[in-house]
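**Student:** mind folding the following:
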Amino acid sequence: MEDILNQSVPCRLSFQDNNLLLEDFTKEDVKAAIGQIHPLKAPGKDGLPGLFYHNHWEAVGDEVITTCLAVLNNNEDCKCINDTLLCLIPKVKDPIRENLSAEGRALGLVRNKVWDKLQGWKMGLFSQAGRKVLIKSIIQAIQVYVMSCFRLSKGIIHEIQTLITRFWWGSTEAKHQIHWGDWEKLCKDKWTGGMGVKDLEDFNQALLAKQAWKLVTNPNSLFAQVMKALYFPSSELFEARKGTGCSNVWQGILWGRELLLKGTRWRVPPNSLVETLINEAGDWKLDALEEKMNKDDIPLILGIQTMRDCGEDELIWNPTIDGEYTVASCYRMKQSEKEGAETSNKSITKGWWIVALAFKFNSKNKELYMESLS
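**Tutor:** The predicted model follows:
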């Protein structure tokens, strides 16, 4: 039979090649194979990457060679080192565990908390005045911490706003009520005909702008030092760029920075010509004024009293009197941008609402009164 097979099946290997393949593995073969393992690829069962064996071969090499040759040449049992590691998603029924995170999963828990809170309240027990208090004091407070750290996606914000809107108009899973106004109307200030409910996206941006403010005003804090070392080591926050592979925290801070740039001011603007116009003693440089300024303005400039003890330029938050950043002032600034410049008609309407809100009603009657004016 062997002769028949040898005649029928053409020979592909020479006698020397066959003997070479049948030879026992050597120490050099094992060492060469270990050297070809990528140093930083996924580690095996022992948790050690290839880099460990490359750098510490003198310490572990003999034991590795002995084990490998015993399995390869002597056909010893290798179950102790040959466990199957299920790494492919199709082989794992539930690849996303509680301790892992899919995109949006952690932030989606905020929506679930809002839903659980609303489900715990019986709709028939609350008037609209009561529902407004619950929305402003409890529901919108649930996500404040998360929104102070991350930027919520538009999808999550829309879902939360939908839950709040349904609660406001008295809708339940069993019964759907007509929504007599949209979300934008609810978010308007009371003196413009709204309910004063916070717009979640604008509030989220105002909270993140506060984190950017902390980076600027408290650069010696641990948080500021870590963020600077990671994302803008050779520049300032206002010049920092997003970059690739940055964290969600940094992306949120950059989003909040957009509002910060609109509201911050320098007491003495940077890169100004003040230093070139005033000498070290604090007096005006007349020759510099004559060179750079209109001669008609020079007498007026000389009449300005200069500071003898000049400190560093100070960054201030323009919307507040004391120059300190507040989330409320930033949120109002954002809302004012949306409304745009008020016309005379809007000013009159605002006046009517201020007068209307001044009347003394109980909460329920006041809501009915405001709805009738809307």
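
**Student:** list the contacts of the one helix or strand Glu291 maps to.
**Tutor:** Using DSSP states H and E, Glu291 maps to helix 286-292. Contact with helix 286-292 is made by 273, 276-277, 298, 301-302, as judged by C-beta atoms under 8 Å, 6 or more residues apart in numbering. In short, each C-beta sits where N, CA and C put it, glycine included.

**Student:** out of the residues you listed, who's the most crowded?
**Tutor:** Counting neighbours by other C-beta atoms under 10 Å, the top entry in these is Leu277, with 17 neighbours.

**Student:** can you pull the pLDDT of that one?
**Tutor:** Leu277 carries a pLDDT value of 74.

**Student:** again, but for Gln251
**Tutor:** For Gln251, pLDDT reads 92.

**Student:** contacts only, for it.
**Tutor:** Taking C-beta under 8 Å, 6+ apart as the test, what Gln251 contacts is 151, 242.

**Student:** rewinding a little: got a markdown table for the contacts of helix 286-292, with secondary structure too?
**Tutor:** Below are those laid out as a markdown table (DSSP: H, G, I helix; E, B strand; the rest coil):
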| residue | secondary structure |
| --- | --- |
| Leu273 | coil |
| Thr276 | helix |
| Leu277 | helix |
| Ile298 | helix |
| Ile301 | helix |
| Leu302 | helix |
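
**Student:** what's the average pLDDT for stretch 285-293?
**Tutor:** Stretch 285-293 comes out at a mean pLDDT of 83.

**Student:** pull out the buried residues from that stretch.
**Tutor:** In terms of neighbour count (16 or more other C-beta atoms under 10 Å), stretch 285-293 has its buried residues at Leu289.

**Student:** C-alpha coordinates for it, PDB please?
**Tutor:** Extracted as PDB, the C-alpha positions of stretch 285-293 are listed here (Å, rounded to 0.1, in the frame of the first residue of the first chain):
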ATOM      1  CA  LYS A 285       6.200 108.600  28.600                       C
ATOM      2  CA  LEU A 286       5.500 111.900  26.700                       C
ATOM      3  CA  ASP A 287       7.700 110.900  23.700                       C
ATOM      4  CA  ALA A 288       5.800 107.600  23.400                       C
ATOM      5  CA  LEU A 289       2.500 109.300  23.600                       C
ATOM      6  CA  GLU A 290       3.400 111.800  20.900                       C
ATOM      7  CA  GLU A 291       4.500 108.900  18.700                       C
ATOM      8  CA  LYS A 292       1.500 106.600  19.100                       C
ATOM      9  CA  MET A 293      -1.400 108.800  20.100                       C
END
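
**Student:** which parts of the stretch 251-374 of the chain are strands?
**Tutor:** Ranges of strands in the stretch 251-374 of the chain, per DSSP state E, counting those that start in this stretch, are 264-266, 315-317.

**Student:** that older thread, let's have the contacts of helix 286-292 in TSV, adding distance to Leu186.
**Tutor:** Putting the contacts of helix 286-292 into TSV (distance: C-beta to C-beta, whole Å) gives the following:
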residue	distance to Leu186
Leu273	49
Thr276	53
Leu277	52
Ile298	56
Ile301	52
Leu302	56
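
**Student:** is Ala206 in contact with Leu259, as I believe?
**Tutor:** Yes: if you go by C-beta atoms under 8 Å, Ala206 and Leu259 touch, sitting 6.5 Å apart.

**Student:** shared neighbours of these two, which are they?
**Tutor:** 330, 334.

**Student:** which one's more surrounded, these two?
**Tutor:** Ala206 (27 against 23).

**Student:** mind listing what's buried in the one helix or strand the more buried one maps to?
**Tutor:** Counting by DSSP H and E, the element that carries Ala206 is helix 200-217. For helix 200-217, a neighbour-count test (16+ other C-beta under 10 Å) marks 200-216 as buried.

**Student:** can you tell me how far Trp255 is from Ile81?
**Tutor:** Applying C-beta to C-beta, to the nearest Å, the value for Trp255 to Ile81 is 49 Å.

**Student:** looking at the strands of the stretch 251-374 of the chain, which is nearest to Ala224?
**Tutor:** strand 315-317 (13.8 Å; C-beta to C-beta).

**Student:** where does the stretch 51-200 of the chain dip in pLDDT?
**Tutor:** For the stretch 51-200 of the chain, the stretches with pLDDT under 70 are 83-111, 114-140, 142, 169-183, 189-194.
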